[in-house]
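*Asks:* Have a look; sequence and predicted model below, questions after that.
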Amino acid sequence: MADDKQVPETGDVNVAKPQKIVLLFCQTGGAPILTKKKWQVESSRTIGWVNTFLRKTLRLEPNESLFLYVNQAFAPSPDRELGTLFDCFSANGKLVLHYATMQAWG
Amino acid sequence: MSSFARKLWNGRIPACFELAMYEVKANSKPAPYYVMLPRSSYLTLFTDQIRDFFEIHMETGTIDEVWFEFRGKTLKWHYPCGLLFDMCCDPSTDLPWHITVHFQSFPEKDIMRCPGVDAIESHYISVLKEADQLKHRMQVYSSLNQSQHKQLWHGLKTDNFEEFWDINKKFMEGHEGTMTFKNIPVRIYFEKRIIQKLFPSVRVENDSERDVTLHNALSNCIPELFEDLDRKTETTAVLIQGTTPPFNTPLQWLSKNMAYADNFLHICVYTNNTNS
Amino acid sequence: MMPTLSVFDENNMASDYKNVVLKQLEERNKLFDKFSELINSHSSLYESNKELKKANLQYKVDIEKVKDENQDLCNKVQTGVSVAERSEQFTALEQKLFKVQEELTEVHRTKGARAQQIIDLNLALQEKEKEASSNIDVVCAKDEMITALKAQVSSMEQELNDLKQANQTVNDEYQALNITYLAIEEKLKKCQLENRNLIERWMNLKHVEAQALNTENNQFKRTTSTKAVSLETQSETSQSATRRDSASSPQASPSAQSSLSPPVAVTLKQRFSDFFSGRSLRHPDDEIHSGHALGYASTHSSAIVCLPQEAVSKWAAHENEVTATRFSLSGGRLATGGSDRLIHLWTFAGDKSRLQYTLRGCNGGVTSIDFDPQEQCLAAGCNDYSTKVFSLITQRLKVCLTGHNGKVLSSRFLGSQVRLASGGSDRTVKVWDLKTGGCTRTFMAGSSCNEIVAVDSADCLASGHFDRKIRVWDIRAGSHAVNEIDVSGRVTSLDMPLDKTSMICCTKDHTLELVDLRKASVLKVFSDDSFRVATDQTRCAFSTDGRYVCGLSSDGSVLSWDVDTGSLATCTREHNDPVISCCWIGGRLVTGDKNKQCILWSDS
């Protein structure tokens, strides 16, 4: 395997154009409403990052919980990259994330 | 099929838990704790036993949440044990698996906290739902009732093959009357990356439907692996459940027979320079 | 064991990948299970070790316990030796103790008896104390009762005093009031006496006044009769004699048209029916007229209606306006009233009018005249706010009806001698009872009433008003008009034919309007260019048979219309001044103008 060749190549792909994806936040289950629902986010961000970001935007207290759901079905683990979720579950070029302050699905 | 599933289920990893030296109370020498870890189980399911075992060797009041470490790497408890072993161990040298147990200074940055068995269950169900979403658009999961969900988890938790497969077989049926899944839930672990894409079970090539094989999936995700056919590298390894299936194995078959309890096909790919 | 890939070409791979995988799985399990036995045995060893440790601990505890027990037993054994040696001493001591105890019991016994006595005495004492305390309680209660009763007594006394005082004041007041009452009674008696005296005086004065008026009238009559005597020719003298005769003997037999023979006395009625029959003799071919007249009244059985075409007689009746003219119902007499405050009664000899007598007593211009149905009284509406009723028998003022607050513009008898209605410029219509001289009803018409007619014999009457309305009243009914009929102008006059089937109304709009009272609507309107109504009280007339109506114009013309065809029948100008009053009974129509003149009409 041409390691010396391969590494810079992938590096090029990652550095040259940090892919961005469109996130659409949908409020559910009594969570506060976001004024801006559509966000462009780098695909390498994780669900954990989105969680902290949303907590900050919604000004949630540290003792309040926040749940994120994909496809109104499952809650991805915090280390999941948005890119892989986008690849598998995006619709119309957007990844729809539902957020709630209490458990909404399962 | 039954023999496959049974054999897969019986895959256990001999683990040897040792308390981190700096956490040991003065004048005590704890013995290591040995246990056979089922491949589909999770490390944190053994938290209680391990804590009971090591409790007398520690200063009271210093016990925080447990976390595990292997060769300086924090182990992500939310991966199945088999996957963790495949990712970081060489079965020829690393048996039994020596895991260091910590009860202090939890590495918040690396892993998420596991407050209890409920957290493991909800994580497991979430991954299961994701797999079902890919395989059957959530139809199977939705068709099951609460007690069946519980039975599934209970079977896994207590390492009860019959209890678990009684429900899990429903997830292995084809999508909407076909013999295959809509998409195959696959995660490929390669060079610290996790690759997850939509893999349909069949592809159209020269106007005929052909099974999507392991080779198709890997060449799609990691084209560089197969880039240079002349220099047939000896250093690339593909591990699924501790085995190396042939590249022409259809993905559909692998998913049905070699998936973990969370219904995902976890594939570890590494070249020998990254592995060691 | 490290699985490495040597071949990438899938075609070269074994087709039964399942077997490959199965084999690998089996190998994997074999490899890993090598440890399972070891680990399982280790864990079972660990478990048993744990159990043993627990058991060991238990045993250690048990040993400790047994040791303790052993120690206790040893101690007991050592103390047990010395007790046997001292048992004798013990018995002696015990005997002593026994004696002492007996003594003690004796002492206790006596003490018990004493104590019993003390207890009994104590009980007795307590009883006595209880008695004493209860006695004290009773005394206290009695004391309280006494004080309460005393308080009651004092309050009662207080009340009694108050009542006595109140009684005194009430008595005083009563006496004072009694005195004032007596004084007031005295005053009342005085006042009543005074009142009686005043009434007496007032009655006397009234009497004197009436006496004075009547003497004045008598004097005037005397003077006029002497005048008449001097004015009339010798041939007339016999006539006046006849008149006197006829007045004195009403049962006289009928005679010829000009009753020259004094012995043949005739009643006025008969005389006038003769007069009418004479006219019919003059027109023997006029069958229709006489046939028409037949149905109305026996007194007019032979009457024919004469249209105003030719002035039969023309004479100066008053000093200025002739405001009212009225034939008696029999047609025998004519009464005229003028603004000179006089009422003249005329009779006719042939076509010539003769002044019979004059009624005085009006303090203002006469506005209307009416005879009662029995022809015994005459009522005159007067500008002096009153209606005067004269007796035609005594020719004296009988009643003066005062009560209107304005000029009385019309007064009419209501089917009898005792009931009369009047209307005036005070916008009321009043009904009077002539027996008492009092007003029985007052209708608030709301507009100046220019003329009243009796619609039926007793209770219904119609009034014409300044506000262009004819109001119909029922005396028995309430104070509101039974009906209101709108006409085109201010109503100056109303008249009805004998059969009371329809009504003619003269308006200031220069029209005569035929009104149907049952339908409350105007049926026909008669007008002409030469017909100009002069005053607000210009009268109009219906012929007795209801076939013709008569209107009076300001240029001196007298017009008549045929009711059936609505066409103008006649228009004759004989007056030189505006004509304002008329009366049409049977064959006679008389009109009066603003300048003294009266004209009696006949058709040519």
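*Replies:* Looks like it arrived, so ask away.

*Asks:* Can you pull the residues of chain B lying near chain A?
*Replies:* Residues of chain B lying near chain A by C-beta under 8 Å from any C-beta of the partner chain: B:76, B:78, B:112, B:122-123, B:125-127, B:129-130, B:133-134, B:138, B:149, B:183, B:194-198, B:224-225, B:227-228, B:231, B:233, B:235-236, B:271, B:273. Where you see a C-beta, it was placed from the backbone N, CA and C, and this is true even at glycine.

*Asks:* Out of these, which sit inside helices?
*Replies:* B:Ser122, B:His123, B:Ile125, B:Ser126, B:Val127, B:Lys129, B:Glu130, B:Gln133, B:Leu134, B:His149, B:Asn273 (DSSP state H).

*Asks:* would JSON lines of the residues you listed with pLDDT and distance to chain C be doable?
*Replies:* Converted to JSON lines, those look like this (pLDDT from 0 to 100; distance: C-beta to the nearest C-beta, whole Å):
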{"residue": "B:Ser122", "pLDDT": "89", "distance to chain C": "29"}
{"residue": "B:His123", "pLDDT": "91", "distance to chain C": "25"}
{"residue": "B:Ile125", "pLDDT": "91", "distance to chain C": "27"}
{"residue": "B:Ser126", "pLDDT": "90", "distance to chain C": "28"}
{"residue": "B:Val127", "pLDDT": "91", "distance to chain C": "23"}
{"residue": "B:Lys129", "pLDDT": "91", "distance to chain C": "27"}
{"residue": "B:Glu130", "pLDDT": "91", "distance to chain C": "25"}
{"residue": "B:Gln133", "pLDDT": "89", "distance to chain C": "26"}
{"residue": "B:Leu134", "pLDDT": "89", "distance to chain C": "22"}
{"residue": "B:His149", "pLDDT": "91", "distance to chain C": "28"}
{"residue": "B:Asn273", "pLDDT": "50", "distance to chain C": "13"}
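
*Asks:* Any idea what C:Ile470 is bridged to?
*Replies:* Here C:Ile470 sits in beta bridges with C:Gly464, C:Ile485, going by DSSP bridges.

*Asks:* for it, what are its contacts?
*Replies:* By C-beta atoms under 8 Å, 6 or more residues apart in numbering or on different chains, C:Ile470 lies in contact with C:Ala462, C:Ser463, C:Gly464, C:Glu484, C:Ile485, C:Val487, C:Val491, C:Leu494, C:Met503, C:Cys505, C:Val515.

*Asks:* Please report how far it lies from C:Val491.
*Replies:* Noted for C:Ile470: a distance of 6 Å to C:Val491, by C-beta to C-beta, to the nearest Å.

*Asks:* hey, what's in contact with both of the two?
*Replies:* Counting by C-beta under 8 Å, 6+ apart, the residues touching both C:Ile470 and C:Val491 are C:Gly464, C:Cys505.

*Asks:* Surely A:Phe53 forms part of a helix?
*Replies:* Yes. Under DSSP: H, G, I helix; E, B strand; the rest coil, A:Phe53 falls within a helix.

*Asks:* List buried residues within the contacts of C:Ile470.
*Replies:* Buried members of the contacts of C:Ile470, counted by 16 or more other C-beta atoms under 10 Å in any protein chain shown: C:Ala462, C:Ser463, C:Gly464, C:Ile485, C:Val487, C:Val491, C:Leu494, C:Met503, C:Cys505, C:Val515.

*Asks:* The third one is in contact with C:Gly489, isn't it?
*Replies:* No. Proximity of C:Gly464 to C:Gly489 does not meet the contact threshold set by C-beta atoms under 8 Å, at 10.5 Å.

*Asks:* Put the buried members of the ones in helices among the residues of chain B next to chain A into a ChimeraX selection.
*Replies:* Burial among these is assessed by 16+ other C-beta under 10 Å; the matching ChimeraX selection reads:
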select /B:122,123,125,126,127,129,130,133,134,149
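
*Asks:* farthest-separated two in the ones in helices among the residues of chain B next to chain A?
*Replies:* B:His149 and B:Asn273 (43.3 Å; C-beta to C-beta).

*Asks:* hey, where'd the helices end up in the chain?
*Replies:* By default, I'm working from chain A. Going by DSSP H, chain A shows helices at A:3-16, A:47-58, A:82-89.

*Asks:* my question was about chain C
*Replies:* Under DSSP H, chain C gives helices at C:17-79, C:87-231, C:234-248, C:268-282, C:287-294.

*Asks:* Just say which of these is most tucked in.
*Replies:* Of all the helices of chain C, helix C:268-282 has the most neighbours on average by mean count of other C-beta atoms under 10 Å in any protein chain shown, namely a mean of 18.

*Asks:* Please work out the average pLDDT along that one.
*Replies:* For helix C:268-282, mean pLDDT is 45.

*Asks:* residue ranges with poor pLDDT in chain A?
*Replies:* For chain A, the stretches with pLDDT under 70 are A:1-18, A:105-106.

*Asks:* still on that earlier bit, which ones among the buried ones among the contacts of C:Ile470 map onto strands?
*Replies:* Assigned to strands by DSSP state E, the following of the buried ones among the contacts of C:Ile470 qualify: C:Ala462, C:Ser463, C:Gly464, C:Ile485, C:Val491, C:Leu494, C:Met503, C:Cys505, C:Val515.

*Asks:* Max pairwise distance over those residues: which two?
*Replies:* Spatially, the most separated pair among those is C:Ser463 and C:Val515, at 12.5 Å (C-beta to C-beta).

*Asks:* Pull up the gap between the closest residue to C:Asp474 other than its chain neighbours and C:Thr440, please.
*Replies:* Closest residue in space to C:Asp474, ignoring its immediate chain neighbours: C:Val482 at 4.9 Å, by C-beta to C-beta, 6 or more residues apart in numbering or on different chains. As defined by C-beta to C-beta, C:Val482 lies at a distance of 17 Å from C:Thr440.

*Asks:* Next: C:Ser133.
*Replies:* Taken as C-beta to C-beta, the span from C:Ser133 to C:Thr440 is 98 Å.

*Asks:* can you check B:Tyr79 too?
*Replies:* 125 Å.

*Asks:* who has more neighbours, those two?
*Replies:* Legend: neighbour count by other C-beta atoms under 10 Å in any protein chain shown for B:Tyr79 and C:Thr440, higher for B:Tyr79 (22 against 12).

*Asks:* surely C:Thr492 meets C:Glu451?
*Replies:* Yes. Distance between C:Thr492 and C:Glu451: 7.2 Å, which falls inside the contact criterion (C-beta under 8 Å).

*Asks:* Could you pull out the residues contacting both of the two?
*Replies:* C:Gly464, C:Gln537, C:Arg539.

*Asks:* Which residues are in contact with the residue nearest to C:Asp474?
*Replies:* Counting by C-beta under 8 Å, 6+ apart, C:Val482 has contacts C:Cys460, C:Val472, C:Trp473, C:Asp474.

*Asks:* from those, which single one is nearest C:Cys74?
*Replies:* For those, the nearest to C:Cys74 is C:Asp474 (146.6 Å; C-beta to C-beta).

*Asks:* for that closest one, which residues make a bridge with it?
*Replies:* Under DSSP bridges, the beta-bridge partners of C:Asp474 are C:Cys460.
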